[in-house]
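> when you get a sec, could you give me coordinates for this:
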Amino acid sequence: MRPKQLVLLLGRPILQWSVEAFVSHPQVGDVVVALPPDLVADPPDYLRAALKPIRLVEGGDRRQDSVVRAFALLPARSDVVVIHDAARPLVTADVIDRTIAAARAHGAAIAAMPATDTVKRSGPDGRVVDTLPRAEIFLAQTPQAFRVDVLREALALGERTPDATDEAALVERSGRPVRLVQGDPRNLKITTADDLALAERLLGGPPGQMNASALRIGHGYDLHRLVAGRRLVLGGVVIPFDRGLQGHSDADAVCHAVTDAILGAAGEGDIGRHFPDTDPSWKDADSIALLRHAAGIVAAAGYGVVNIDVTVIAERPKMAPHADAMRRNLARAIGVDPSQISVKGKTNEGVGSIGAGESIAVHAVALLMGSGVMFRGQGAEK
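You can find the predicted model right below:
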């Protein structure tokens, strides 16, 4: 059975939604993800090539074992640690902000929702033993955030406390206060098919479908002349050829077209706006790096890439032998799986400068999906 964190939510794994919420958060410096051994050995591309460093660690038998292993990989500069359940993909930047701010001020904090129903306590035979004061009952969510020293002390206590359900419980047992901050009713934990259907609706789509209002399409186009004395670089692949493309950067027309497509779909301008050829800092720049930066702009605007279709128009060389390598490079730069990228080659049937072998052109179409969650605000270490 596929782990629930890998179940698709509007075309992307639940885990990817959760990781991107923290990778996209401006105060998060490093992310550690605890995974089953097979995923650590062969992680998906959105974990290999994210916009910020991601460290992977094998999870333990218990939640606290996984947290201990992940905690050991945090860099020494970390001051606040945020722990989040991957099965909560709709966490917002505001909830992350509130939890981190409270942890900095008080040492430990958790997002939680006040109970809205009357709460009954049951005895072993199923009979009601007590009715609890609803005003005092809160339902814990994640993230939970802790100053590093507070969490280190709690995890040490956890070695002698096997029955703790979360890190906040360990902090409570250590005698330190844990502050409650306002959670979000949309920050649901996906455990059933009904939860998944609700998450899809909250993200703007009916169950099993993508809502057209959440989709954005962008088109990118680039053309460069072939000249002697230049390397031919397309999709981050250096292709053996007697000429290369002329341009201010490395003239990677595939990356340029894809960059324009994703920026355009997100309403964020074009490559010339962000990387003008009048700026000497972009001279001979690696266009894969420019694409990676553009993907960060798109993610910060609240969009994820659903798929990209690229057509390279050239008489020579043939693109087919290099298409898979281009797909992998583009996927890593954007933070998606190669299956979401298509690259194909066409000729111009001898027509025009392309047909004469004097230039190469590229068209790219990108489909983006608004996440329904704008990943903006303040954060810390996860």
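> tell me where the stretch 101-250 of the chain has strands.
In the stretch 101-250 of the chain, the strands defined using DSSP state E, counting those that start in this stretch lie at 108-114, 119-122, 128-132, 138-147, 179-182, 215-227, 232-234, 237-239, 244-245.
> how's the protein carved up into domains?
With domains defined by automatic domain parsing, the chain comprises 4-202, 212-370.
> may I ask which helix or strand of the protein has the lowest mean pLDDT?
helix 45-48 (a mean of 82; mean pLDDT, DSSP states H and E).
> returning to what we had before: hey, which of the strands of the stretch 101-250 of the chain is tucked in deepest?
strand 232-234 (a mean of 25; mean count of other Cβ atoms under 10 Å). Bear in mind the C-beta positions are built from the backbone N, C-alpha and C, glycine included.
> contacts for that one?
Contact partners of strand 232-234, identified using Cβ atoms under 8 Å, 6 or more residues apart in numbering, comprise 226, 238-241, 243-245, 250-254, 287, 312, 317, 319, 322, 326, 360, 362.
> what do you get if the cut-off is 6 Å, keeping everything else the same?
Here strand 232-234 makes contact (Cβ atoms under 6 Å, 6 or more residues apart in numbering) with 239, 241, 244, 250, 252, 254.
> next: stretch 147-167.
64, 68, 78, 80-81, 83, 107-108, 144, 170-171, 174, 176.
> likewise for stretch 304-322?
11, 237, 239, 241, 254, 258, 334, 336, 340-348, 354, 357, 360-369, 371.
> of those, grab the buried ones for ChimeraX.
A single ChimeraX command is used to select the members of the contacts of stretch 304-322 judged buried by 16 or more other Cβ atoms under 10 Å:
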select :237,239,241,254,258,334,336,340,341,342,343,345,348,354,360,361,362,363,364,365,366,367,368,369,371
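> so which of the contacts of stretch 304-322 sit within helices?
The helices, defined by DSSP state H, take in 254, 258, 334, 354 from those.
> quick check: the farthest pair among these?
Ile334 and Ile354 (26.4 Å; Cβ to Cβ).
> ok, which stretches of the stretch 151-300 of the chain are helices?
Assigned by DSSP state H, counting those that start in this stretch, the helices in the stretch 151-300 of the chain fall at 167-173, 193-202, 253-265, 271-274, 287-300.
> which intervals of the stretch 251-382 of the chain have sub-threshold pLDDT?
371-382 (pLDDT under 70).
> state the distance from Gly235 to Val336.
Going from Gly235 to Val336 by Cβ to Cβ, to the nearest Å gives 14 Å.
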